[in-house]
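Enquirer: below are the sequence and a predicted model; questions follow.
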Amino acid sequence: MSDLREQLNRTPLRLSGYVADRFTASSGSEEIGVFDPTTEKQVATLFESSADEVDAAVSAARMAFDKGPWGRATVAERQLALNAIHDAILSHADELALLETINTGIPLAQTRTVHIPRAAYNFRFFAEYINQAGGDVFTQEPGLMSLVTYEPIGVCALIGPWNMPLGLTAMKIAGALAFGNTCVVKPSELTPLTVTRLFEIIEGILPEGVMNLVNGRGHVTGTSLVSHPGIDMVSFTGGTVTGAAILGSLAKGIKGSAMELGGKSANIVFADSDFEQAVDAALMSSFMNNGQMCLAGSRIFVDRKISDRFIDSFTRRVKALKIGDPALSGTEIGPMINHSQRERMERYAGSGLGEGATLLAGGHRCANLNTGFFFEPTAMLAPTNELAICQEEIFGPFAALQLFDDEDEVIAKANDSDFGLVGYVWTEDLNRSMRVASALRTGTVLVNTPIVRDLRTGFGGYKQSGLGREGAKGSQAMFTEMKTTIIAREPRKMPRMGMAGA
Ligand code: TXE
């Protein structure tokens with residue numbers, strides 16, 4: 001690890017876009033520094049894709065879609081390519097995990113076992129899925145047959161976030177390609193290392209122009225991409241404010257979109273839950289991925305009957321979390337992605353105290369870690385659900401606990417949120433788990449389990465957490481146009497118009 005880190009510090013990578021099978025020239029463009037949040041040193045220079053380069057990328061994707069072989073490729077041909085990408089990722093897994101850790105600060109133990117395997121698995125999953133994905137046939141109406149088929153939507157703009165750069169972007173790429181589309185990918189300007197490397201390691205697998213890359217900041221490269229008339233849809237994962245801005249731009253061209261936005265997910269722990277499992281999962285849901293997860297279950301509701309024991313156990317464990325260099329084995333929490341995310345943590349710690357919350361653990365920068373954007377894993381007990389720390393997505397290692405007395409009260413509080421991504425329920429009572437699961441206004445409910453992403457199901461949110469679902473049928477809906485074809489199987493009986501003079 002330190003070898004690669006030292007090498008990047010000595011000679012930062014030079015990253016650009018990739019258009020029609022060629023990395024674009026890196027001279028003459030705006031140069032953006034890309035940093036390692038652990039050392040605060042520059043690890044890459046990103047040569048920002050201008051509006052012209054975005055135009056070239058969209059044109060290449062358009063040409064490949066309209067004239068190239070990909071849209072007409074057989075299922076077997078698409079499967080071959082998707083599986084080859086899967087294999088290429090796995091054969092570079094160690095390197096990609098290191099790059100992801102260097103660029104994001106997420107512990108290597110997690111990038112190695114979760115991020116990169118998941119990035120690869122997306123391609124294998126969609127390769128298998130397209131073999132079975134069908135349409136519908138309706139023959140109930142005598143003399144008619146109605147067919148529902150799904151056709152590729154066209155050129156997809158795929159915009160990824162910085163909290164799981166390769167894993168989340170790979171999901172979009174795999175889905176878009178599987179259904180016969182071409183794409184232009186834009187990773188976050190904070191974390192472009194692994195997605196850019198992906199383009200290098202899969203060279204030659206896809207026909208020219210099928211997969212293109214633009215690199216740059218949201219307000220430059222991102223806006224050029226989403227406002228380009230040549231795209232057919234946008235699949236976006238990121239903040240709610242950015243999502244809303246993109247939707248505004250798409251409205252002008254009546255373009256489709258899929259939005260995976262923020263969350264503030266409730267994690268409800270009833271007194272009859274398996275106590276140890278519930279505590280383990282509360283830790284995981286709040287602090288995995290340095291707490292920078294859209295599906296974090298960091299709004300923790302604890303049944304008052306077990307609250308003393310739960311808070312005591314949870315707080316001791318939060319204080320014992322190992323913070324430090326994410327490359328070292330044993331590290332559980334690395335640095336925040338950048339200086340402004342750390343300031344955000346500080347602001348919420350301050351606002352929590354100002355609004356009457358009790359500090360249980362953390363709340364400050366790490367005194368012994370002067371380099372790197374480290375912040376102590378933090379837990380606060382909030383008196384009500386109205387506090388900013390209970391309503392706003394903090395996106396860092398920050399848990400906000402509240403107490404409750406009964407089921408109806410906790411359901412109302414859990415649903416009292418602008419977001420609706422995930423709900424976690426901990427109880428050994430089957431009937432209660434079913435009641436609460438159906439009452440929660442969230443796209444996913446997880447009962448007696450921490451985070452699980454099952455690609456066969458749809459992942460996405462109610463309310464301001466997004467639009468559309470990622471996963472098998474959800475991705476099919478996102479990346480295809482549904483076409484209805486109605487065929488008469490015998491001559492139709494119809495009123496004969498214009499027969500007056502006949
Ligand atoms: O993300 P942005 P930011 C949340 C989290 C975080 C907040 C802000 O709460 O604190 O969002 O993070 C691109 N047109 N999540 O500001 O800006 C940008 O370049 C087109 C939740 O860093 O949403 C990047 O590629 N693109 C989340 C991507 O959007 C634009 C993951 C995401 O960046 C653009 C990340 C524009 N106008 C943050 N502006 C999750 N759901 O997991 C920016 N981008």
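Expert: That came in fine, so what should we check first?
Enquirer: where does the residue lying closest to Gly334 once chain neighbours are set aside land in three-state SS?
Expert: For Gly334, ignoring the flanking residues on the chain, the nearest one in space by C-beta to C-beta, 6 or more residues apart in numbering is Pro326 at 3.2 Å. No exception for glycine: its C-beta is placed from N, CA and C like everyone else's. Following DSSP: H, G, I helix; E, B strand; the rest coil, we place Pro326 in the coil state.
Enquirer: what is the neighbour count of Pro326?
Expert: Pro326 has 27 neighbours, counted by other C-beta atoms under 10 Å.
Enquirer: got the contact list for it?
Expert: Thr38, Thr101, Gly105, Ile106, Pro107, Leu108, Gly334, Pro335 (C-beta atoms under 8 Å, 6 or more residues apart in numbering).
Enquirer: one more time with 10 Å
Expert: 1, 36-38, 100-102, 104-111, 290, 332-335, 372 (C-beta atoms under 10 Å, 6 or more residues apart in numbering).
Enquirer: same question, Ala320
Expert: Leu283, Glu332, Ala361, Pro377.
Enquirer: show me where the stretch 251-400 of the chain has helices.
Expert: 275-287, 307-319, 339-354, 388-391 (DSSP state H, counting those that start in this stretch).
Enquirer: the ligand is nearest to which of these?
Expert: Proximity to the ligand (C-beta to the nearest ligand atom) singles out helix 339-354 among the helices of the stretch 251-400 of the chain, at 6.3 Å.
Enquirer: got the buried residues for the closest one?
Expert: Gln341, Arg342, Arg344, Met345, Tyr348, Ala349, Gly352 (16 or more other C-beta atoms under 10 Å).
Enquirer: which positions in this protein make contact with the ligand?
Expert: Counting by C-beta under 6 Å from any ligand atom, the chain comes close to the ligand at 159-163, 186, 188-189, 217-219, 222-223, 226, 237-239, 242, 245-246, 260-262, 294, 393, 395.
Enquirer: and Gln140, how far is that from Lys473?
Expert: 23 Å (C-beta to C-beta, to the nearest Å).
Enquirer: those two: which has the busier surroundings?
Expert: Lys473 (13 against 7).
Enquirer: in TSV, list the helices of the stretch 251-400 of the chain along with mean pLDDT.
Expert: What follows is the helices of the stretch 251-400 of the chain, written out as TSV (pLDDT from 0 to 100):
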stretch	mean pLDDT
helix 275-287	98
helix 307-319	98
helix 339-354	98
helix 388-391	98
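Enquirer: and of the ones you listed, who's closest to Val195?
Expert: helix 339-354 (19.7 Å; C-beta to C-beta).
Enquirer: show me what that closest one is packed against.
Expert: Where contact means 3 or more C-beta pairs under 10 Å, 6 or more residues apart in numbering; DSSP states H and E, helix 339-354 is packed against strand 358-361, strand 378-381, helix 388-391, strand 398-404.
Enquirer: Thr480 is nearest to which of the ones you listed?
Expert: Closest among those, using C-beta to C-beta: helix 388-391, at 36.2 Å.
Enquirer: give the other helices and strands that that closest one contacts.
Expert: Applying 3+ C-beta pairs under 10 Å, 6+ apart, one finds that helix 388-391 makes contact with strand 299-303, helix 339-354, strand 378-381, strand 398-404.
Enquirer: what do you get if the cut-off is 6 Å, keeping everything else the same?
Expert: Applying 3 or more C-beta pairs under 6 Å, 6 or more residues apart in numbering; DSSP states H and E, we find helix 388-391 packed against helix 339-354.
Enquirer: may I have the helix it packs on exported as PDB, CA atoms only?
Expert: Output of helix 339-354 as PDB, limited to C-alpha atoms (Å, rounded to 0.1, in the frame of the first residue of the first chain):
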ATOM      1  CA  HIS A 339     -12.100  19.100   4.400                       C
ATOM      2  CA  SER A 340     -15.600  20.400   3.800                       C
ATOM      3  CA  GLN A 341     -17.200  17.000   4.800                       C
ATOM      4  CA  ARG A 342     -15.200  17.200   8.100                       C
ATOM      5  CA  GLU A 343     -16.400  20.700   8.700                       C
ATOM      6  CA  ARG A 344     -19.900  19.500   8.100                       C
ATOM      7  CA  MET A 345     -19.500  16.900  10.900                       C
ATOM      8  CA  GLU A 346     -18.300  19.700  13.200                       C
ATOM      9  CA  ARG A 347     -21.300  21.900  12.300                       C
ATOM     10  CA  TYR A 348     -23.700  19.100  13.100                       C
ATOM     11  CA  ALA A 349     -22.000  18.200  16.300                       C
ATOM     12  CA  GLY A 350     -22.300  21.900  17.300                       C
ATOM     13  CA  SER A 351     -26.000  22.200  16.100                       C
ATOM     14  CA  GLY A 352     -26.900  19.000  18.000                       C
ATOM     15  CA  LEU A 353     -25.500  20.400  21.300                       C
ATOM     16  CA  GLY A 354     -27.100  23.800  20.500                       C
END
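Enquirer: residues contacting that helix, please?
Expert: Applying C-beta atoms under 6 Å, 6 or more residues apart in numbering, the contact partners of helix 339-354 are Met336, Gly363, Phe373, Phe375, Thr378, Met380, Ala388, Ile389, Ile394, Gly396.
Enquirer: at 7 Å what do you get?
Expert: Helix 339-354 has contacts (C-beta atoms under 7 Å, 6 or more residues apart in numbering) with 336, 359, 363, 365, 373, 375, 378, 380, 382, 387-389, 394-396, 398.
Enquirer: give me the buried entries from these.
Expert: 336, 363, 365, 373, 375, 378, 380, 382, 387-389, 394-396, 398.
Enquirer: for the ligand, state which of those is nearest.
Expert: For the buried ones among the contacts of helix 339-354, the residue nearest the ligand by C-beta to the nearest ligand atom is Phe395; the value is 3.8 Å.
Enquirer: name the nearest residue to that closest one, sequence neighbours excluded.
Expert: Phe395 sits nearest to Gln292 (C-beta to C-beta, 6+ apart), 5.3 Å away.
Enquirer: count of residues packed around the one you found?
Expert: 22.
Enquirer: one more: Thr182?
Expert: So Thr182, with other C-beta under 10 Å, has 28 neighbours.
Enquirer: tell me how far it lies from the ligand.
Expert: The gap separating Thr182 from the ligand is 19 Å, by C-beta to the nearest ligand atom, to the nearest Å.
Enquirer: phi, psi of that residue?
Expert: Backbone torsions of Thr182, given as degrees, to the nearest 10, read phi -110, psi 170.
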